[in-house]
Every structure is written in structure tokens, then in C-alpha cells.
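S.K.: coordinates only, no sequence provided:
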């Protein structure tokens, strides 16, 4: 992936206006026809200044429009979304379409994806844009939150900007991997989807990236998620405590 893959014009004022029209006039009513949305934790954004890194779980293509629509306008208009370069940026037409609709920024997938794409992300953050990062690197196949990669924590620590955990639930049931459109419940009622913003991790440079991501995981778990603990971190903690649980 190169810097040329980034569709920089999608962060222009005209593109932002088109994007807001799409999110509010198209995606919001479409999703509302299939799911009831709940948003909690917006008070955790109080006192924060952009940029921040929103670290979210990922189960569905619904997650991106749901998170963006859940954000207040002052945040939504200056927030980009880290998107898999090998999935969305292989074809220029698709790259331009998703960049316009969701302000996506290309990143390489894998454990070092965010770090390896730092030049593009640095430019976005330098311009004062916040970022949504899906720390699992891919969508969950069963709704369980997979192992969280530490690239977002490294990027936040380098700039000492806050991380805000975001847990999205209900989207796996509504539009799981492999399904092309949303579905209702068996009784034809709408699904329930929920976006929860957690307390900001304000000084990520003060902790190891694994400890930062563990705090994100614990927030997801507190919201009812099935998560995947970091075994190496758990083993290290047991060693430090002499095997105590």
C-alpha cells in the first residue's frame, strides 16, 4: 500500500457535505427499517478535543455507518475510518465510493496494520481528524470479539492522544459476514443494535500497548461481549503475582 491509495479529496468540505447527506438521508432510514438503535456513553466524549482514536469491535459492514451516525455532528464531520486496503482499495471505483460515503483511510491488515500505514494515518491526524480503528483487523465470524491488535495503542501513544473504546452489539445478528443485506428477527420485528462509548484512555503513552488494549477489551466485556483475552499478557500477570488468580 502507498500514500497514493488514500483518497484525500474525501476529506474536503464538499465531500463532507455529501457524506452527511448519505449518512443521514440514506443510511439512517435504511438501518432504521431493519433495526432499533440505542446509543449510550456519549457523555464520555465531554471534555475531549479532536483528534482521538475510537477503537471498536467489528462484526458487520453495518458497524461503520452505525458508529458514524452515533457520533455527534461536531465529531462525525471530522472523523475518518481505517479500512482494509486489500478489501476496499484494490479497485479505484470502490475505493472512491467508500471513501466518499464513510471517509475511509486505507490500512494494511494484520497485527502491524495501523503501524505499517502510519504515514497515511499521521497525515489524517495532523489535519485534526479523529479515526475509527477496528482493532481485530477483520470482521468476527461468530460475534465474539477477537484478539485486539495493538497498532492503535502505538499510534495513540506516539501522539499522546486519547483512545475511546466503542462497543457495537447486535450487528452480527442483523448482518453477519457473508450476508449481503440486513435481516429481521424470525417474527419479522426489527433487530436491536447498540453503540456504547466507553471512558477515554487519556494517557496511552503511560502504559504498554497491551495494557491499553486490555483496558479496551475489559470495556467490551463489561458491555456483555464475549472477548478473546491476550494469553501472553495473562501469563505475564500470573507470573508477576506468583500464580495467584
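M.R.: Structure's in. What do you need? All of these numbers come straight from a predicted model, not from anything done at the bench. Numbering: from 1, shown residues only.
S.K.: can you give me the strands for this structure?
M.R.: Using DSSP state E, the strands of the chain run over residues 35-40, 53-56, 79-84, 104-107, 130-134, 163-169, 191-197.
S.K.: and the second one, what does it pack against?
M.R.: Same thing as strand 53-56. On a contact count with 3 or more CB pairs under 8 Å, 6 or more residues apart in numbering; DSSP states H and E, strand 53-56 meets helix 63-70, strand 130-134, helix 151-159, strand 163-169. Where you see a C-beta, it was placed from the backbone N, CA and C, and this is true even at glycine.
S.K.: quick check: the gap between residue 208 and residue 214.
M.R.: Plainly put, residue 208 is 9 Å away from residue 214 if you go by CB to CB, to the nearest Å.
S.K.: repeat that for residue 169.
M.R.: Applying CB to CB, one obtains 20 Å for the distance of residue 169 from residue 214.
S.K.: number of nearby residues for residue 156?
M.R.: The criterion is other CB atoms under 10 Å. On that basis, residue 156 has 28 neighbouring residues.
S.K.: look up the closest residue to it, ignoring the ones flanking it.
M.R.: In space, and not counting its chain neighbours, residue 156 is closest to residue 204: 4.2 Å by CB to CB, 6 or more residues apart in numbering.
S.K.: confidence score at that neighbour?
M.R.: Confidence per residue is given as pLDDT, and for residue 204 that number is 92.
S.K.: tell me which of the helices and strands packed on strand 53-56 sits nearest to residue 220.
M.R.: Among these, the nearest to residue 220 by CB to CB is strand 163-169 (4.9 Å).
S.K.: so which of residue 208 and residue 214 has more stuff around it?
M.R.: When residue 208 is set against residue 214 and neighbours are counted by other CB under 10 Å, the residue ahead is residue 214, at 21 against 14.
S.K.: if I follow the layout properly, the more buried one ends up in contact with residue 233?
M.R.: Yes. The pair residue 214 / residue 233 is scored as a contact, 6.0 Å apart, by CB atoms under 8 Å.
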